[in-house]
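Chemist: Provided below are the primary sequence and the corresponding predicted coordinates.
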Amino acid sequence: FLMHWCVHSHRILQNTLHQKYLLSSWHANILSPGAMEQKIHIDSAVPDPIPPWPIRLNVNFILQDYSESNGSTYFVPGSHKFLQKPNPYKKTSNLKPLIAKKGSLVFWTGHLWHQSGKNNSDEDRLALLGCFATSIFREMVMEENPYLSLKPDTASPYSKKIKNLIGWSHGLKEIKK
């Protein structure tokens, strides 16, 4: 699973005449001991039927081993091709645990049916989640534009490719006084 997405992630984020995908969120995912499982969901807030092209790409930076006991993410293999949302109130029988070692990167599109499992361990389960939205939806999925509060020279050490990927060059970057 992981190797499949690593090989194909380059194709998803390929260069075009415009920025196809931009960083839309970056946050920590912490499941404390006793945390209950999530309802099954997708990470694309659009109505059914879901478009056949990727709306969102999730990159999970695994900071601790994912195991069944500490609330590993569970997913339905092949569900990214269903092009519909799961019913969050119906039990899904074909969920598989995502078992991953600390230091792994796990990629999936926002179409994948998934949920966090219950954390039955005595420790927090930690991950960092970077989400990239298709550029036409970025304005709808970002609650705020964090770059407006930064000085323009903040991004000067980074290449144009990196600045484009995080969305630095998207939209207004200077507040006129």
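Modeler: On my side now, so go ahead. What you are looking at is a predicted structure, and each value in this text was computed from that prediction instead of being measured. Residues are numbered from 1 along each chain as shown.
Chemist: Run a quick check on residue 54 versus residue 134, I expect a contact.
Modeler: Yes: applying C-beta atoms under 8 Å, one finds residue 54 in contact with residue 134, separated by 7.0 Å. Any C-beta I mention is one placed from the backbone N, CA and C, and that applies to glycine too.
Chemist: Checking residue 48 next. Helix, strand or coil?
Modeler: Secondary structure, DSSP: H, G, I helix; E, B strand; the rest coil: residue 48 is coil.
Chemist: OK, contacts around it?
Modeler: Shown in contact with residue 48 (C-beta atoms under 8 Å, 6 or more residues apart in numbering): 83-85.
Chemist: Highest neighbour count among those residues?
Modeler: Within the contacts of residue 48, most neighbours by other C-beta atoms under 10 Å means residue 85, with 18 neighbours.
Chemist: What strand or helix carries that one?
Modeler: Of the helices and strands defined by DSSP states H and E, none includes residue 85.
Chemist: who's the most centrally placed residue in the chain bridged to?
Modeler: Against the mean C-alpha coordinate of the chain, by C-alpha atoms, centre = their mean, the closest residue is residue 58 at 2.4 Å. Note on residue 58: beta-bridge partners by DSSP bridges are residue 108, residue 131.
Chemist: which stretches of this protein have low pLDDT?
Modeler: Applying pLDDT under 70 to the chain picks out residues 1-19, 138-149, 164-177.
Chemist: change it to 50
Modeler: Scanning the chain for pLDDT under 50 picks out 1-8, 143, 172-177.
Chemist: Helices of that one, start to end?
Modeler: Applying DSSP state H to the chain gives helices spanning 2-12, 138-141, 160-166.
Chemist: Starting from residue 98, give me the distance back to the residue nearest to the centre of the chain.
Modeler: For residue 58, the distance to residue 98 (C-beta to C-beta, to the nearest Å) stands at 12 Å.
Chemist: now swap in residue 70 and tell me
Modeler: 12 Å.
Chemist: what do you get for residue 90?
Modeler: Counting by C-beta to C-beta, the gap from residue 90 to residue 98 is 21 Å.
Chemist: what about these two, which has more around it?
Modeler: Looking at residue 90 and residue 98 with other C-beta under 10 Å, you find the greater number of neighbours at residue 98, namely 22 against 9.
Chemist: Do I have it right that the more buried one meets residue 106?
Modeler: Yes: the pair residue 98 / residue 106 is scored as a contact, 6.6 Å apart, by C-beta under 8 Å.
Chemist: Where do the strands of the protein begin and end?
Modeler: Using DSSP state E, the strands found in the chain span residues 21-31, 56-62, 73-75, 96-97, 105-109, 114-116, 125-134.
Chemist: got the CA coordinates for the fifth one in CSV?
Modeler: Extracted C-alpha coordinates of strand 105-109, given in CSV (Å, rounded to 0.1, in the frame of the first residue of the first chain):
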residue,chain,number,x,y,z
LEU,A,105,5.1,8.3,5.3
VAL,A,106,1.7,7.2,4.2
PHE,A,107,-0.2,8.8,1.3
TRP,A,108,-3.8,8.5,0.2
THR,A,109,-6.3,10.6,-1.6
